[in-house]
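Undergrad: A predicted structure for the sequence below; I have some questions about it.
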Amino acid sequence: MSVEVWTIIIVGLSFLLYLYIGWQSRVNDSKGFFVADQGVPSVANGAATAADWMSAASFISMAGLISFLGYDGSIYLMGWTGGYVLLALLLAPYLRKFGKYTVPDFVGDRYYSNMARLVAVVAALFVSFTYVAGQMRGVGIVFSRFLQVDINTGVIIGMVIVAFFSVLGGMKGITWTQVAQYAILIVAYLIPAIAIATLLTGIPIPQFAFTFSDIASKLNQLQVDLGFKEYTQAFVNKSAIDVLFITIALMVGTAGLPHIIVRFYTVPDVRSARFSAGWALLFIAILYTTAPALSMFARYNLINTLHNSTVQQVQQLDWANKWEKTKLLSFEDKNGDGRFQLAPQKDKTEITIDPDIIVLSTPEVAKLAPWVIALVAAGGLAAALSTASGLLLVISSSIAHDVYYRIIDPEASEQKRLFVGRVMVGLSVVLAGYFGVNPPGFVGQVVAFAFGLAASSFFPVILLGIFDKRTNKEGAIAGMLTGLIFTIVYIVGVKFAGMPAWFFGVSAEGIGTLGMIINLIVTLVVSRLTPPPPLEIQEMVEDLRSPDIGDEQGVRAVH
């Protein structure tokens, strides 16, 4: 059977599984809708967190970025994994002990201010819509190549599936769907990686093949022969300061991502939050230690397959022809010699490859079985849809719970709160679909912007909210607004308005680090120049950090 037939079968079966889980997990109350009744086991929550966090950027785009950037691409490995450790050890247990539904909930209650809550809602919406744009582009890419449908049609199909289990089951439906999606995406990532490692090096474990074979030295030589720098040479594509700033932005951005933080509210207690963080880190590590190996294999195969090939040879490559139709791969014989060459200069290279197609095309380039190629497509969709569903719930809960219930109508009945939550998911789906059709960049780049926004808005107020009882509402509001506005202006200016990267050449992907530092300084200074928080808030912060992790009633009682 062809790749397209296998894709329809495997993707169709996975979608039926998601729909079944969504139907079985439907809920009738707001606690089930927003935090899955706080009854998710640690292992399941670890798998769901891993799926939620390992988005289309991790599955589809990260290996492509590393493949293009070489050593400098390690910023994504260090930043995203380091950030998860930061979140798991520094913030997650305390946020779970606080016992609320959302990040704006924490900000509003900790800083005793609905204005702080509203600013946090705005920040959550900015982060989530930026992030979801990347996921929807990932969905469109997979559908346009493997099901031969228009990208817009692919986005709509994906959003209908997400809307079904999100609207019916809320966080409960999303959680159990994400457990299934993790299983699909990790199998889809490992099978081609193991197969290609065996073909290229004779070592079936990708991590060992990457470390102990001669594949790195072979690729370095290939790169040098073509005029590129060595693949493993540092600071070729990015300066050392930009690498540092992007890595920190990704780390603290991860620790401030609202759709990941909310996962720790779904477990029964603080102990379970700690265990689920450990499981998630293990599940994440499986993919993240495989990614650099797959990146190297992919680049080696692409150079050997495409460089110096004739026009006729390329025309006979079925996968190349189909990727050309998506406009993510293009060939142009600029020197008229009847062959296509790769070159380090953009104006001289005759093969243009979008980083987002690297993982999805690698099994085809390596001539693996059609069912493996189809499985990778299903894995890419699982990664994109799992994160999209988590983000949609953050958008929904930010408006339905934090604005409508906590500010507009505190007396709203359970049924009304649930209804508003479902309506907000529906509206969010439509907006997410729009961003999928009109994305502001490629997947990894768009997601990096979201991490920068999370770093500059949420991380300082969450960190100080837990560890500094003197931080008050005036400081938190001023810090969040300053950090968020600065980062948005820099990103928009550099990426879309032609502004130079004026801060020591730091890119838009890394400026969230400076935004975070500005937020931190403004919050601390303003807090010290204005009256301290009320005594009961200071006592609540003290209680939040007390070692008696089983007692959550003390924190809630102060509210």
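TA: Sure, I can see it.
Undergrad: From here on, just use CA atoms for contacts and neighbour counts.
TA: OK.
Undergrad: residues in contact with residue 303?
TA: Residue 303 is in contact with 222, 342, counting by CA atoms under 8 Å, 6 or more residues apart in numbering.
Undergrad: Centre of the chain to the edge, which residue is at the far end?
TA: residue 337 (42.5 Å; CA atoms, centre = their mean).
Undergrad: Let's verify it: helix, strand, or coil?
TA: coil (DSSP: H, G, I helix; E, B strand; the rest coil).
Undergrad: residue ranges of the strands in this protein, please?
TA: Chain-ordered strands for the chain, with DSSP state E as the definition, fall at 309-310, 329-331, 339-340, 351-353.
Undergrad: Pull out the buried residues from stretch 43-57.
TA: Residues 43-57 are the ones in stretch 43-57 that count as buried (16 or more other CA atoms under 10 Å).
Undergrad: out of those residues, what pair is the most spread apart?
TA: The widest separation within the buried residues of stretch 43-57, taken as CA to CA, falls between 43 and 57 and amounts to 23.4 Å.
Undergrad: shouldn't residue 65 be in contact with residue 73?
TA: Yes: when contacts are counted by CA atoms under 8 Å, residue 65 is listed as touching residue 73 (6.1 Å).
Undergrad: Common neighbours of those two, please.
TA: Listed contacts common to residue 65 and residue 73 are nil; contacts here mean CA under 8 Å, 6+ apart.
Undergrad: tell me which of the buried residues of stretch 43-57 is nearest to residue 413?
TA: Taking CA to CA as the measure, residue 413 sits nearest to residue 45 out of those, at 28.7 Å.
Undergrad: per-residue confidence averaged over stretch 247-265?
TA: On average, the pLDDT along stretch 247-265 is 87.
Undergrad: pLDDT of stretch 233-242, averaged?
TA: Per-residue scores along stretch 233-242 average to 93.
Undergrad: how much space between the nearest residue to residue 257 once chain neighbours are set aside and residue 237?
TA: Distance criterion CA to CA, 6 or more residues apart in numbering; nearest residue to residue 257, sequence neighbours excluded, is residue 454 at 5.8 Å. Separation of residue 454 from residue 237 (CA to CA, to the nearest Å): 25 Å.
Undergrad: So if I had to pick from these two, which one is more boxed in?
TA: Counted by other CA atoms under 10 Å, residue 454 and residue 237 do not tie: residue 454 has more neighbours, with 32 against 16.
Undergrad: give the contact list for the more buried one.
TA: For residue 454, the set of contacting residues under the criterion of CA under 8 Å, 6+ apart consists of 123-124, 127, 252-254, 256-257, 512.
Undergrad: Where does pLDDT dip in the protein?
TA: Applying pLDDT under 70 to the chain picks out residues 439-446, 547-559.
Undergrad: Specify the helix with the largest residue count in it.
TA: Taking DSSP state H as the criterion, the chain has its longest helix at helix 151-201.
Undergrad: how far does that helix sit from the chain's center?
TA: Relative to the mean C-alpha coordinate of its chain, helix 151-201 is positioned 13 Å out (CA atoms, centre = their mean, to the nearest Å).
Undergrad: Kindly report the same for stretch 83-93.
TA: From the chain centre to the centre of stretch 83-93 is a distance of 16 Å (CA atoms, centre = their mean).
Undergrad: Contacts for it, please.
TA: Residues from elsewhere that reach stretch 83-93, judged by CA under 8 Å, 6+ apart: 250-256, 261, 264, 270-271, 273-274, 277-278, 281, 462-463, 466.
Undergrad: Quick one: end-to-end distance for that stretch.
TA: In terms of CA to CA, the two terminal residues of stretch 83-93 are separated by 15 Å.
Undergrad: Ok, stretch 486-506 next?
TA: Where stretch 486-506 begins and where it ends lie 14 Å apart, using CA to CA.
Undergrad: And stretch 80-91, by the same measure?
TA: The first and last residues of stretch 80-91 sit 16 Å apart, counting by CA to CA.
Undergrad: Kindly report the same for stretch 323-341.
TA: Terminal residues of stretch 323-341 are spaced 18 Å apart (CA to CA).
Undergrad: please begin residue numbering at 32 from this point
TA: Let's use 32 as the start, then, which means that last one is stretch 354-372.
Undergrad: Give the buried residues for it.
TA: Judged by neighbour count using 16+ other CA under 10 Å, the buried positions of stretch 354-372 are 354, 357, 359-364, 370-372.
Undergrad: Same question for stretch 171-184.
TA: Within stretch 171-184, judged by 16+ other CA under 10 Å, the buried ones are 171-178, 182-183.
Undergrad: Residue 171 reaches residue 183, doesn't it?
TA: Yes: A contact is recorded between residue 171 and residue 183 when judged using CA under 8 Å, the distance being 6.7 Å.
Undergrad: Overlap in contacts, the two.
TA: With CA under 8 Å, 6+ apart applied, the overlap between the contact sets of residue 171 and residue 183 consists of 467-468.
Undergrad: Spit out the contact partners of the closest residue to residue 373 other than its chain neighbours.
TA: Among residues not flanking residue 373 along the chain, residue 380 sits closest, at 4.8 Å (CA to CA, 6+ apart). The neighbourhood of residue 380, defined by CA under 8 Å, 6+ apart, consists of 372-374.
Undergrad: how near is residue 380 to residue 372?
TA: When CA to CA is applied, the distance between residue 380 and residue 372 equals 6 Å.
Undergrad: The stretch 232-381 of the chain: helices as residue ranges?
TA: 237-243, 246-256, 271-286, 289-292, 301-319, 322-337, 342-346, 349-356 (DSSP state H, counting those that start in this stretch).
Undergrad: Mind putting the ones you listed into a markdown table with distance to residue 534?
TA: Output for the helices of the stretch 232-381 of the chain, formatted as a markdown table (distance: least, CA to CA, whole Å):
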| stretch | distance to residue 534 |
| --- | --- |
| helix 237-243 | 36 |
| helix 246-256 | 31 |
| helix 271-286 | 10 |
| helix 289-292 | 28 |
| helix 301-319 | 31 |
| helix 322-337 | 30 |
| helix 342-346 | 43 |
| helix 349-356 | 38 |
